[in-house]
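Participant: Curious how this folds, go ahead:
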Amino acid sequence: MRLDFRNMRFLLSAAALGGLPPDTGREVAFAGRSNAGKSSALNAITGVGGLARVSKTPGRTRLLNLFGMEGGMRFMDLPGYGYAKVPEAERLKWGQLVEAYLSTRQSLVGLVLVMDVRHPLMDFDRQLLSFAGPLQLPVHVLLSKADKLSRGAAAKSLAETRKGLRGWGTAQLFSSHSGEGVEDAQKQLADWLVGE
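Facilitator: You can find the predicted model right below:
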């Protein structure tokens, strides 16, 4: 099924789970290392420029940012993890917030994990995958910035990533710049949100 993600609008930002709306409907979370292209991916998938704020500074997303459309369908932009230029204590707090969200949010139906195609499956990516696995949370990996590599190198990265996932999720090439993989990502998200 196709959904018109151009209807997605910013709802709110929250520093704690208590600031989120009622835990009903269907929600897909977006996660990824700082500067992997998570906000750009959100904007490309929705077709709404500037929906998620894009920055060259790692760690710009510091809150739970929620976007929604009719029918109780939502996207959650999680704080980036990894080498964000913030104090260690704050990074630890983000990690605890993300883990609490992933493990308790009943409306969460899938996790989009955005990785730079040139640096897939880094330690933080593996940690998140190992956390999502026991929760039986479906994971779809977007290997972003695919336009930065040759077709052959991108295909090799995709094959290695799929092997490295060991059945924990699916993966595809993606480029918010060229539009590669946007339709495939939209279809996966629609399947999760509609419940097919």
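Participant: contacting residues around residue 45?
Facilitator: 5, 182, 185-186, 189 (Cβ atoms under 8 Å, 6 or more residues apart in numbering). The C-beta positions use only the backbone N, C-alpha and C, and glycine is treated the same way.
Participant: contacts for the helix or strand hosting residue 153?
Facilitator: Assigned by DSSP states H and E, residue 153 belongs to helix 151-165. Applying Cβ under 8 Å, 6+ apart, the external contacts of helix 151-165 come out as 115, 117-118, 120-121, 129, 139, 141, 143, 146, 149, 170-173.
Participant: ranges for the strands of the protein?
Facilitator: For the chain, strands defined by DSSP state E occupy the ranges 9-14, 26-32, 64-69, 73-77, 108-116, 139-144, 170-173.
Participant: how big is the angle separating the second one from strand 73-77?
Facilitator: Orientation note: strand 26-32 sits at an angle of 20 degrees relative to strand 73-77 (axes from the mean of the first three to the mean of the last three Cα atoms, to 10 degrees).
Participant: now the fifth one
Facilitator: Taking the same axes, to 10 degrees, strand 108-116 and strand 73-77 form an angle of 40 degrees between their directions.
Participant: next one: the third one
Facilitator: Angular relation of strand 64-69 and strand 73-77 on a 0 to 180 degree scale: 160 degrees, by the same axes, to 10 degrees.
Participant: how far does the top helix by length along the chain sit from the chain's center?
Facilitator: In the chain, ranked by residue count with DSSP state H as the criterion, the top helix is helix 88-104. Averaging C-alpha positions (Cα atoms, centre = their mean, to the nearest Å) puts helix 88-104 15 Å from its chain's average.
Participant: cool, stretch 126-144 as well?
Facilitator: Distance of stretch 126-144 from the chain centroid (Cα atoms, centre = their mean) equals 10 Å.
Participant: Low-confidence regions, the chain specifically.
Facilitator: The chain contains residues with pLDDT under 70 at 1, 54-61, 82-86, 196.
Participant: Give the residue farthest from the middle of it.
Facilitator: For the chain, the residue at maximal distance from the C-alpha centroid (Cα atoms, centre = their mean) is residue 152, at 25.0 Å.
Participant: quick one: it and residue 145, what's the gap?
Facilitator: According to Cβ to Cβ, to the nearest Å, residue 152 stands 16 Å off from residue 145.
Participant: Next: residue 65.
Facilitator: Separation of residue 65 from residue 145 (Cβ to Cβ): 21 Å.
Participant: Could you do residue 112 as well?
Facilitator: To residue 145, residue 112 is 15 Å away according to Cβ to Cβ.
Participant: The two: which has the busier surroundings?
Facilitator: The neighbour comparison of residue 112 against residue 145 (other Cβ atoms under 10 Å) goes to residue 112, with 27 against 24.
Participant: excluding its backbone neighbours, what's nearest that one?
Facilitator: Nearest non-adjacent residue to residue 112, counting by Cβ to Cβ, 6 or more residues apart in numbering: residue 30, 4.8 Å away.
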